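S.K.: 3D model of this:
(2 chains)
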Protein chains: 2
Amino acid sequence: MKRLLKVGVAGATGAVGLKMLSVMSERGFPVESVRAMASGRGDARTVPFGSLALPVEELTANALPGLDMVLFATGASVSRQFVPIAVAGGAVAIDNSRAFRMEDGVPLVVPEVNAEAVRRHAGIIANPNCSTIQMVLALKPLQDVVGIKRVVVSTYQSVSGTGKAAIEELREQSGSTLAGEPIISRVYPHPIAFNCIPHIDVIDEDGNTREEIKMVLETRKILELPELQIAATCVRVPVFHSHALSLCVELESELAPDDARRVLGEFPGIRILDDASDAVYPTQLSSSGTDETWIGRIRRDASVTNGLWMWVVADNLRKGAALNAVQIAELLLDERSG
Amino acid sequence: MKRLLKVGVAGATGAVGLKMLSVMSERGFPVESVRAMASGRGDARTVPFGSLALPVEELTANALPGLDMVLFATGASVSRQFVPIAVAGGAVAIDNSRAFRMEDGVPLVVPEVNAEAVRRHAGIIANPNCSTIQMVLALKPLQDVVGIKRVVVSTYQSVSGTGKAAIEELREQSGSTLAGEPIISRVYPHPIAFNCIPHIDVIDEDGNTREEIKMVLETRKILELPELQIAATCVRVPVFHSHALSLCVELESELAPDDARRVLGEFPGIRILDDASDAVYPTQLSSSGTDETWIGRIRRDASVTNGLWMWVVADNLRKGAALNAVQIAELLLDERSG
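M.R.: Now for the predicted structure:
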């Protein structure tokens, strides 16, 4: 039987932290106690965990010892500071930031794809980037069956990936636009209402954004394909929840669209919704609030040998962040009880 | 000196027809007279042409003879019916629909790219698809300098490409969403407010949309590259005006991003806006109402030999439709006066 754990959620007042608490509660994650923590700027006194209202504690070094497991929904700098303290205090840390993802010895895990990697952890397990999670889910079954050679992806990412302030900004700017009033940009460098912004995270000297580089490097690490060629363009679109990918895969050998549908549909965590002539395919609105990664518009890409196109949609706060982290936590439970 | 023309605009009450009239007026297109025509459903009694209010006539076979030039902003079935009548009556027809684009003997023209093709017309000149126009503008200078081998494009297309009812639908659904009220879809098969729809025009048995096939076939015809490999995914985004492209080009030989910036920037009709580290790149909002095709985020695509990525934005009603048609009309004037 699984023992009950003392769990902490750091960054509990943010969009991902709140979702971690609700996903743990929904799934009946076996906790003895849950503590909600936030760094200085926390704007809520309590956060919901099922029917409980958890008091929000300040995230300090003294708050962390004594916990069995801490889920971090904090930014990279806060994670860098507090994850090692949590681990030193005896906890396993599951970190949603980019801080440790590419470090040797830190498993980067999507449970349906590389569950076995969790066994190699030394205290820290990293949760991948949101767009990466749904992309590797779509790539893994294809890699297993025929192999993949090159990936070209353009994203359609919702504002909830940026956080609560961005959700508010899209809401405010949209209302102002409809009312014919001037709009104000605080979170994004350009208006996001009724506009797309081809710029997520900082841009390096080669002109790539950090989000694009994450999609390349994290995918290679998760799939254990260090040479895989990936080209990514990441675009923020005026959508509240869920990310979509226009995903073009060059396979090592042929796989007909019908076979791809079957192979993808049999994979855990994936749902196929693909009858395009009847307008049946996933959208961000239809996928929000669900746990699955939805795939549609599967078709041959005739411009290259063994090319396959697909449209991949998932809720970025659930599968792209909180749900994946809780699934990792569940894997650890299985390890302990196994 | 150019002689003054008797010009007709068919479909004058639609989004593109209205824009054709305003673009002709703005550019001082030399008309003796302009007649505005619309098929049965026309919802306006008059339409503006500069400071004039033109009466809207019903588009009938009898209305067309006696005109020198007719710009058709009608759908394919109306164009198929009335374009031949206009031509038989002595006019040159510039048609914005897909009806004649792929016919032999019908030039498909983007003036900056293949102006010389207009000379080969036999009464009909076709205006390309909106997304195709801005894509070929970005491809042509690269083709001229180093050659292009394969193109992978994902689009972010605004609702104005669908027409006035779609603009109203986005506005209505957005307001309802913000008010927490139920939304109604009339124009699109799924909600477009705060959602992306990977489906533009009908879908064939291979799973490609007609919009995607247009981008392939029309680009090949305009660039006179019948073998060019192009993979396209077309997505409607909740934006009112302007289309954006995430455009990945495999070149025949190397072209560094700085050289690409120079080559593209020297091409007529293109403006470079590319200092990504300072968040300088075009967006749909910033490009709306302009005549240029704007390019930014030019960078190397390291996943393939001689790969180049860019973000290409243009006003789909102006350069993507009405402006391009009026520019074709201007080419014809030059022919006549030449």
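
S.K.: now A:R3, what's its secondary structure?
M.R.: Look at A:R3: counting by DSSP: H, G, I helix; E, B strand; the rest coil, its state is coil.

S.K.: Could you do the one 3 residues further on as well?
M.R.: Secondary structure assignment for A:K6 (three-state DSSP): strand.

S.K.: ok, it to A:G89 distance?
M.R.: Distance, A:K6 to A:G89, using CB to CB, to the nearest Å: 11 Å. C-beta: built from backbone N, CA, C; applies to glycine.

S.K.: same thing with A:V239?
M.R.: Distance from A:V239 to A:G89, by CB to CB: 39 Å.

S.K.: ok, the two, which is more surrounded?
M.R.: Comparing A:V239 with A:G89 by other CB atoms under 10 Å in any protein chain shown, the one with more neighbours is A:V239, at 27 against 16.

S.K.: Skip the chain neighbours and tell me the closest residue to that one.
M.R.: A:S158 (4.3 Å; CB to CB, 6 or more residues apart in numbering or on different chains).

S.K.: residue contacts, that neighbour?
M.R.: A:236-237, A:239-243, A:284, A:316 (CB atoms under 8 Å, 6 or more residues apart in numbering or on different chains).

S.K.: just A:P141 next, same as before
M.R.: With CB under 8 Å, 6+ apart, A:P141 has these contacts: A:263-264, A:266-267, A:270.

S.K.: between those residues, which is nearest chain B?
M.R.: A:L264 (14.3 Å; CB to the nearest CB).

S.K.: on that earlier part again, need the overlap of contacts for A:K6 and A:G89.
M.R.: A:66-67.

S.K.: Look up phi and psi at A:I230.
M.R.: Backbone torsions of A:I230, given as degrees, to the nearest 10, read phi -140, psi 130.

S.K.: OK, contacts around it?
M.R.: A:150-153, A:215-216, A:219-220, B:303.

S.K.: So what sits opposite it in the bridge?
M.R.: Taking DSSP bridges as the rule, A:I230 bridges to A:V151.

S.K.: follow-up on the earlier one: distance check, the residue nearest to A:V239 against B:Y188.
M.R.: Counting by CB to CB - A:S158 and B:Y188 are separated by 18 Å.

S.K.: try A:V313
M.R.: A:V313 is 16 Å from B:Y188, by CB to CB.

S.K.: before we move on, back to that, for the contacts of A:P141, give me a markdown table that also has neighbour count.
M.R.: Shown next, in a markdown table, are the contacts of A:P141 (neighbours: other CB atoms under 10 Å in any protein chain shown):
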| residue | neighbour count |
| --- | --- |
| A:V263 | 16 |
| A:L264 | 26 |
| A:E266 | 10 |
| A:F267 | 20 |
| A:I270 | 21 |
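
S.K.: As JSON lines, those residues with secondary structure would be great.
M.R.: Below are the contacts of A:P141 laid out as JSON lines (three-state DSSP):
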{"residue": "A:V263", "secondary structure": "helix"}
{"residue": "A:L264", "secondary structure": "helix"}
{"residue": "A:E266", "secondary structure": "coil"}
{"residue": "A:F267", "secondary structure": "coil"}
{"residue": "A:I270", "secondary structure": "strand"}
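
S.K.: Tell me the one of these nearest A:I167?
M.R.: A:I270 (26.9 Å; CB to CB).

S.K.: residues contacting the closest one?
M.R.: So A:I270 contacts A:112, A:137-138, A:141, A:264, A:292-295 (CB under 8 Å, 6+ apart).

S.K.: make it 6 Å
M.R.: A:137, A:264, A:293 (CB atoms under 6 Å, 6 or more residues apart in numbering or on different chains).

S.K.: quick one, what contacts the second one?
M.R.: What it means is A:L264. A:141, A:270, A:295.

S.K.: Among these, which one sits closest to A:P182?
M.R.: For the contacts of A:L264, the nearest to A:P182 is A:I295 (40.5 Å; CB to CB).

S.K.: The closest one: which element?
M.R.: If you go by DSSP states H and E, A:I295 is part of strand A:293-301.
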